[in-house]
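Peer 1: need the 3D shape of this:
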Amino acid sequence: QDHFVESGGGLVQTGGSLRLSCVAPKFTLNFYAIKWIRQAPGKEREGISCINRTLSSTDGVTKYADSVKGRFTISRDNDKNTVYLQMNNLKPEDTAVYYCATDWSFKCSAGYEYSAWGRGTQVTVSS
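Peer 2: Below you'll find the model as predicted:
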């Protein structure tokens, strides 16, 4: 799908950092809770982070999967209609295609359900 456009992926060494960006060309991204989903080779898609809709950029409630907690940070810039995923201390097991997604709700749910997503950006972490 092409509800979102993700960028910022690339090849990094173990311990390196990347910042992914997610924009929504066709709607106001600020209205919805936004999730980052990833799919590693040969594996199912995994929800890794979510940020609530916010009225300002400073008070978004966030959640993280245990696999990325403490290393990844999700944020949003309402003025730029953009959601970011700052990824630090990257590991080879973080290698995956990363997708921006939403289920059109305002708040992050217990799971990582989604019904709209983008084409993804590839992140490769070398050992």
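Peer 1: for the rest of this, base every contact and every neighbour count on C-alpha atoms.
Peer 2: Noted.
Peer 1: and the residue most central in space within the chain, what helix or strand is that in?
Peer 2: In the chain, the C-alpha nearest the mean C-alpha coordinate belongs to Trp36, at 2.7 Å (Cα atoms, centre = their mean). Element membership of Trp36 [criterion: DSSP states H and E] is strand 34-39.
Peer 1: list the residues that contact the residue nearest to the centre of the chain.
Peer 2: Contacts for Trp36 were tallied using Cα atoms under 8 Å, 6 or more residues apart in numbering; they are 47-50, 85, 98-101.
Peer 1: which one of those residues sits closest to Asp66?
Peer 2: When the contacts of Trp36 are compared for distance to Asp66 (Cα to Cα), Ile48 wins out at 8.1 Å.
Peer 1: wait, the closest one sits on Ile37?
Peer 2: Yes - checked against Cα atoms under 8 Å, the pair Ile48 and Ile37 is within contact range at 5.7 Å.
Peer 1: now Gly47, nearest residue through space, not along the chain?
Peer 2: Ile37 (4.3 Å; Cα to Cα, 6 or more residues apart in numbering).
Peer 1: repeat that for Tyr84.
Peer 2: Of all residues not flanking Tyr84 in the chain, Ser21 sits nearest, at 4.6 Å (Cα to Cα, 6+ apart).
Peer 1: need the contact partners of the helix or strand that neighbour falls within.
Peer 2: Following DSSP H and E, one finds Ser21 within strand 18-23. Applying Cα under 8 Å, 6+ apart, the set of residues contacting strand 18-23 from outside is 4-10, 12, 29, 81-88, 100.
Peer 1: give me the buried subset of those.
Peer 2: Neighbour-count burial within the contacts of strand 18-23 applies to 4-9, 12, 29, 81-85, 87-88, 100; the criterion is 16 or more other Cα atoms under 10 Å.
Peer 1: partner residues bridging Ala116?
Peer 2: Following DSSP bridges, Ala116 is listed with bridge partners Thr102.
Peer 1: check the burial of it by counting its neighbours.
Peer 2: 15 (other Cα atoms under 10 Å).
Peer 1: what's the answer for the one 5 residues further on, then?
Peer 2: Thr121 is flanked by 21 other residues according to other Cα under 10 Å.
Peer 1: got the buried residues for stretch 26-43?
Peer 2: Residues of stretch 26-43 classed as buried: 29-40 (neighbour count, 16+ other Cα under 10 Å).
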